[in-house]
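Trainee: sequence-free structure coming up:
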């Protein structure tokens, strides 16, 4: 349970920090300008491609992916890097080819894909040439209960025929999101967790209708392809597009969610750290009623509480990473749920105080905090609301205590 | 301290409820469509003018304004009506000509305006022909401390010359917002609360530059004219545009803020009531893990807590209204601050749970809740952050207790 | 919905306030001394009898009891009086013969008792000559679910035979608690809410064993007879001791609980008011780090929050009282639950801050706050934990919304 | 930053766990009986001496003390052991000679004592033959600001003369607490942090008056000598009783507090773990409204939240221990404050839920939880209220951020 960064991590932290300071932070205003200049674009603005090229040349590429196909880092090694990228959430993850949902999709392809699937889709994703989307949540049902999923994937000769309606398919508004992984049911009569399958659906397949981008609060997140509502009407793909076998969908989803959750939490901690810095700087520079806001007891209370919460979150995330590395995602199940429960709500609390310290500016586009708040708020819902995870964690805790006699 | 609605209020509640059910709720989808069809418009969509005409014909007009110029209601009479309009926050207040910031501006003109000022600006506002804006907050300083305000209003012969930068000037992006009330300093060397003055500045005066609309969690609120950043550069207006006298600005602001705060709180309660209904309906209609969400203990806890909080808020708002009616805004100072402190944060808590119950849809444009959340979140900052009001209320409480010996 | 005190209430408030200032507060130290001087006594110290005589002579007696047998006040009239007695929780309620559990027991006897029962037990209770106890909660089961109650009341000829174990039978350690009302089951096979009956059991009946006093956070509350564990072994009482009929126990309990809850909440608000005063005085008189604690932003935040919460609680309690007076306890069911949910937790929050402001002294016998805290903490459990009431309130709220269509 | 227990720690954890299961838990009921049998004793009941002998024979003795004089463990090694002793807070710490305030006093003597002081006082303390007390807090002033301390220590020839009033001098009611370390001022005109000195005062010195035991909520904690109010009137001790030099008092206090805080936090985590087990067991065994309480969503939420919070607290405490071991108490200043801020309030939250799950029993002597709650509640005040620590931590956080530019 050694959380200290090893030599490779330390070297990468330094290299990534230099990249952030030399290239990413300075690019943030250009990013805003380019976005504003292309109000109808649903893709990253031009500066992102430059940053990608630069990150790759600096050896900061596919850091998230273990094994030979990626940077080969453990979760514990990746954790402090992901945290750093969270400090500039719109630029750093995508610049390093470590942005969701591509990360999860690449993991799925690397772990479960056939050679053909890898060649066709994993390679260009690893290369940063295309983007991807993951179609799981459905508007009509409580999708946190996987048995509710209604999208059908029906075998018809050498093809599968897909029908259904998804939303919050992040990234899918981006025309460059060439491939979607779609979760549906191949056998509604099978066991609860063997009904689902995952299948690869190219975005340009006939019958795929990307209807609209769902907003998050008022944000479209269009720079990373938005969160699309997508309708699948008699969409036909070759049977070879199925990932692993029929009925493996739930298991793949579980395998995908572990890393996805910890990545989100790592980045959220980076966001909280930068938020805390913004809070301190703002409070130090703002005078009211006779002194800077840093003299106000309530503001100091927020600053202290934020530091105390961040320290606890980071340690829990590091322990979870270490567990995933040593006993596997299944063995780290409780801890993965614990960080999923703890991190978004604590970071939301912190960012709320950052907003409050910034006055009206805090809720506006003048500062990035309101958008960060919207982002972490959605994490309390993403892949199942906190309440589902709490209930599940409690069930195991109850079993553990009762088993101890 | 009788909070029961009197005959007139009961009659108006019924009439307003009928208007909501027959016209306003049914218009909500058309409003969305018209807004979407004119993506660059910074004004209410066409349906609003129809609703205004209808409301006026039904005698539901200028309900907020006491005295002969308005509906002549007391605060206690207006409270349940304002709450009802808060249930459809984008349509009902504007339809009844009871939308901020016009309400506050009309109150100021009615109370402090000269005959000429009233004729020129109050009448068309009362008539719903023009809209208005209120320019107080400045980006450069902590504006909750009024001594910080930097905009200058300098007498030069028969004119005043205004220089300064404001933001969150709500409504000012609307070309139809013909008039602005601007807060600035006429005498920075005067006593702390005699430095400020208020002055009328027509939006088309040379030197007035409406720079941009500030967003609120990604929302532009463009249907009611947004929240503008406005730069005033050597803006000249006739000396007769001053409201009341030089140095009266702080006192006018205080007079304006009392009703403004209670109106916001009343509407926020209506929003919470409708939110609670949405929560219950969603929970009843959504099945997960074997039953509707209304069977989940945590959801029931949210529903009960929401009801308990709403009841308390409403009573405190009613008492405040009654106090304002009987002892005046000054005598109701503590209660006005109390509702300003209590309401937005409690309603925010409730709406957070409404969002959570709606899953991903809750943060999106599919339901109105995320936008409501953004709205009440800003109320924790509007005309001074909660923390300023708490400190002020505490000062009086301390004095009260110590005076009792 | 007029919450303003009427003439009679105003007069009683003045009279009661004078009694508090002239006699009760000055007696508090003597009360402590007398208690300490008789460490094994489970009854009020001598000063209490003096205060009772004085209160009675001042016409401040049985204020809680409506109708001719008591002071004949409505709930709305009694509310501000009960609040005032809550400021000196150990002395004022008992001095005015308004202390639990006698109040509830007298209400039950007044409402459901036969003439004989009234003569034998109600009269001496109204006269303050004896005390009483109420035996409901059982250690072996979750008693908030009334169907769980296991104590049996079995008819045998002209007698009932009682067997069971109760605890938190408040008052029963006091030898002067001459009579107990015991809840048990006469027919376990009846409908869920017709199984229970209530019966009068004199404390000196053979088979009644008052085992021990349950502590509350280390406090014995021995000055009002503690909270006894009582075992009933083949206890025989005349059949005429049954209150109302067999199967009426649940209904009587419900009738008893409404007033009981509101009295507790009223007194808790008085306790919070006095706690807030203590907080302000302590903070004003304590210097640290360069100024009095009243200059500390966090302390001011506590003071403001306390005031805001108290205002809301009091209004909700008043509305509940008014509802009980106008539509009856059944019609005020939601509000009674609402105050039961809202009041103890909010007052607990306030008292926690009062403690914190007093430093180490705050948790000790040097100040009364820690004991008050323990008292309100138990209210979150008394006659059912908050969670049961929330779930029940939510059920009605859900039904209401769904019925509205 | 390796938090995994090393071989020695693992061995000690096993040995201590065996001791707990074989001897300590089974002794808890006997402890209660013996305490009850000697209601006026202010010292551990007889069973404690047996446990001490047993612990010592098992090599579980003075585990807290680094260096040759103690078990020689690092903070990181001691942390899991202290946590385990926290599971039986009344017995396990004292049985292993690891109970406050002796631990802090022994540390002070080991670090700053002269050879004579060590021989006279440290040896019998290490041997468990005597107990000790630490007299710091004063009733008259806010003692968290050390400059407020009013007790005087005046040199007079070969003696020091001590005058002052202390309270919450834990342990001092125990006649066996042979020695007290007293904090006072030798030079009120010196620099802020050089005014104070510490001096050894035998409890039987003329002029030492142990006035009374302060209660904590209703608990006296008499089994470990209570929390005494002590008056020092012209108390004379040899000049050689001064610890280190005049003016060193503040520095010694700081050195003493670091380990003291972390020990308290470690034990509090053990208490939370056992509390969580009690909550689960109670909920699993209690049926209401159709099923065990473990089926209730709200209870499951509490269980999950408790687990998530405990995990975070433990990691933060382990990191703090590791930092103290590697960079010293001064270098771990922020983390020590962080655990002092985070742990008591989180454990209080958990224990509140444990109480709630136990119904009325939860606040009583039937279960140990209410007393645990009272204990952790005082930790929010012990050696300075949380608010002082938060403000101090914030000051350093502000400096850190601003220094980064």
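Mentor: Okay, I see it. Since this is a predicted model, take the numbers as computed values, not measurements. Numbers count the residues shown, from 1 in each chain, chains lettered A, B, ... in the order given.
Trainee: quick one: is the worst-scoring helix or strand of chain A on mean pLDDT near chain D?
Mentor: Taking mean pLDDT, DSSP states H and E as the measure, chain A has strand A:287-288 as its least confident helix or strand, at a mean of 89. No. Interface with chain D: strand A:287-288 contributes nothing (C-beta under 8 Å from any C-beta of the partner chain), its closest point being 14.9 Å away. To be clear about C-beta, it is placed using only N, CA and C from the backbone, and glycine gets the same treatment.
Trainee: that strand and chain C in contact?
Mentor: No. Strand A:287-288 does not reach chain C (C-beta under 8 Å from any C-beta); its nearest approach is 11.8 Å.
Trainee: residue A:19: what secondary structure?
Mentor: Using DSSP: H, G, I helix; E, B strand; the rest coil, the structure places residue A:19 in helix.
Trainee: quick one: it and chain B, what's the gap?
Mentor: Per C-beta to the nearest C-beta, to the nearest Å, residue A:19 is found 28 Å from chain B.
Trainee: please name the residues that touch that residue.
Mentor: A:54, A:55, A:58, A:60 (C-beta atoms under 8 Å, 6 or more residues apart in numbering or on different chains).
Trainee: what separation do you get for the nearest residue to residue A:176 once chain neighbours are set aside and chain D?
Mentor: Closest residue in space to residue A:176, ignoring its immediate chain neighbours: residue A:131 at 5.2 Å, by C-beta to C-beta, 6 or more residues apart in numbering or on different chains. According to C-beta to the nearest C-beta, residue A:131 and chain D sit 34 Å apart.
Trainee: need the helices for the stretch 301-405 of chain A, in chain order.
Mentor: A:333-357, A:360-363, A:369-379, A:386-403 (DSSP state H, counting those that start in this stretch).
Trainee: what's the angle between the first one and helix B:333-357?
Mentor: Relative orientation of helix A:333-357 versus helix B:333-357 (axes from the mean of the first three to the mean of the last three C-alpha atoms, to 10 degrees): 140 degrees.
Trainee: hmm, helix A:333-357 touching chain D?
Mentor: Yes. Residues of helix A:333-357 contacting chain D under C-beta under 8 Å from any C-beta: A:334, A:335, A:338, A:341, A:342.
Trainee: mind listing what the residue in the stretch 201-350 of chain A positioned nearest to chain C touches?
Mentor: The minimum distance from the stretch 201-350 of chain A to chain C, using C-beta to the nearest C-beta, falls at residue A:297 (2.8 Å). Contacts for residue A:297 were tallied using C-beta under 8 Å, 6+ apart; they are C:296, C:297, C:298, C:299, C:300, C:301, D:387, D:391.
Trainee: cool, residue A:290 as well?
Mentor: Contacts of residue A:290 by C-beta under 8 Å, 6+ apart: none found.
Trainee: helix, strand or coil for residue A:165?
Mentor: Going by three-state DSSP: residue A:165 is strand.
Trainee: helices of chain A, start to end?
Mentor: A:7-19, A:25-37, A:46-57, A:75-86, A:92-95, A:102-112, A:115-117, A:123-126, A:249-285, A:297-331, A:333-357, A:360-363, A:369-379, A:386-403 (DSSP state H).
Trainee: so for residue A:169, which of these sits nearest?
Mentor: helix A:102-112 (11.6 Å; C-beta to C-beta).
Trainee: what packs against the closest one?
Mentor: helix A:123-126, strand A:131-135, strand A:177-185, strand A:242-243, helix A:249-285 (3 or more C-beta pairs under 8 Å, 6 or more residues apart in numbering or on different chains; DSSP states H and E).
Trainee: list the contacts of the first one.
Mentor: To tie it back to what came earlier, the one meant is helix A:123-126. A:62, A:65, A:69-70, A:97, A:102, A:105-106, A:109, A:130-132, A:178-179.
Trainee: and the furthest pair within the residues you listed?
Mentor: A:70 and A:178 (19.6 Å).
Trainee: make TSV from the helices and strands packed on helix A:102-112 and add mean pLDDT, mean neighbour count and distance to residue A:322 to it.
Mentor: Output for the helices and strands packed on helix A:102-112, formatted as TSV (pLDDT from 0 to 100; neighbours: other C-beta atoms under 10 Å in any protein chain shown; distance: least, C-beta to C-beta, whole Å):
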stretch	mean pLDDT	mean neighbour count	distance to residue A:322
helix A:123-126	98	18	26
strand A:131-135	97	28	27
strand A:177-185	98	25	28
strand A:242-243	98	21	29
helix A:249-285	94	23	11
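Trainee: can you say which of the ones you listed is nearest to residue A:3?
Mentor: Closest among the helices and strands packed on helix A:102-112, using C-beta to C-beta: helix A:249-285, at 13.1 Å.
Trainee: run the chain-centre distance for that closest one.
Mentor: 8 Å (C-alpha atoms, centre = their mean, to the nearest Å).
Trainee: repeat that for stretch A:90-110.
Mentor: The answer for stretch A:90-110 is 8 Å, by C-alpha atoms, centre = their mean.
Trainee: ends of it, what's the gap?
Mentor: 25 Å (C-alpha to C-alpha, to the nearest Å).
Trainee: reformat the helices of chain A into CSV and put distance to residue B:369 next to each item.
Mentor: Shown next, in CSV, are these (distance: least, C-beta to C-beta, whole Å):
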stretch, distance to residue B:369
helix A:7-19, 38
helix A:25-37, 26
helix A:46-57, 32
helix A:75-86, 27
helix A:92-95, 28
helix A:102-112, 28
helix A:115-117, 40
helix A:123-126, 35
helix A:249-285, 22
helix A:297-331, 26
helix A:333-357, 16
helix A:360-363, 17
helix A:369-379, 12
helix A:386-403, 17
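Trainee: so which of those helices gets nearest residue C:113?
Mentor: helix A:386-403 (46.7 Å).
Trainee: can you give the contact residues for the closest one?
Mentor: By C-beta under 8 Å, 6+ apart, the list of residues contacting helix A:386-403 reads A:144-145, A:333-334, A:337-338, A:340-341, A:344-345, A:380, B:288-289, B:296, B:298-299, B:356, D:276-277, D:280-281, D:283-284, D:294, D:297, D:299-301, D:303-305, D:307-308.
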